[in-house]
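# return a 3D structure for these sequence lines:
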Amino acid sequence: MKRSLLTKITLSLIVLLNVACEKACMRSEAELPIFGRKEIVTEEVNGEIVEKVIYHTIADFKLIDQEGDTVTPETFKGKAYVANFFYGRCPKICPTMQKQMLILYEKYK
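Predicted structure coming up:
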């Protein structure tokens, strides 16, 4: 009895994973998922009430990179990028964050 139930659960999970994979594969390559915080704002447009999704954005910044060049949002205009602002010399979390960002960079460079 337990084996039959376990088999049914396993098969159900396989079917669900298969459906999820099919949906993910059908998505256009140009369509990227958006992760992170978002806010739903209700506003009136042409006399109709509509909901608008506002996604979290990074505030404007002006930084100097390791080569002495200035980096701003304009540097990445028209490109997807991952931003990770951190203190480069903190003893605890910074080395871990830097290692994870390097893994991400190596995978998608």
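# ranges for the strands of this protein?
Assigned by DSSP state E, the strands in the chain fall at 38-45, 48-55, 63-64, 70-71.
# which other helices and strands contact the third one?
Packed against strand 63-64 by the contact rule (3 or more C-beta pairs under 8 Å, 6 or more residues apart in numbering; DSSP states H and E) you find strand 70-71. (Glycine included, C-beta is placed from N, CA and C.)
# how about 7 Å then?
Judged by 3 or more C-beta pairs under 7 Å, 6 or more residues apart in numbering; DSSP states H and E, strand 63-64 has no packing partners among the helices and strands.
# for it, what is the average pLDDT?
For strand 63-64, mean pLDDT rounds to 88.
# would you map the helices across the protein?
Residue ranges of the helices in the chain, as given by DSSP state H, are 2-26, 93-108.
# lowest-confidence stretch among those helices?
For the helices of the chain, where the average pLDDT is lowest is helix 2-26, sitting at a mean of 57.
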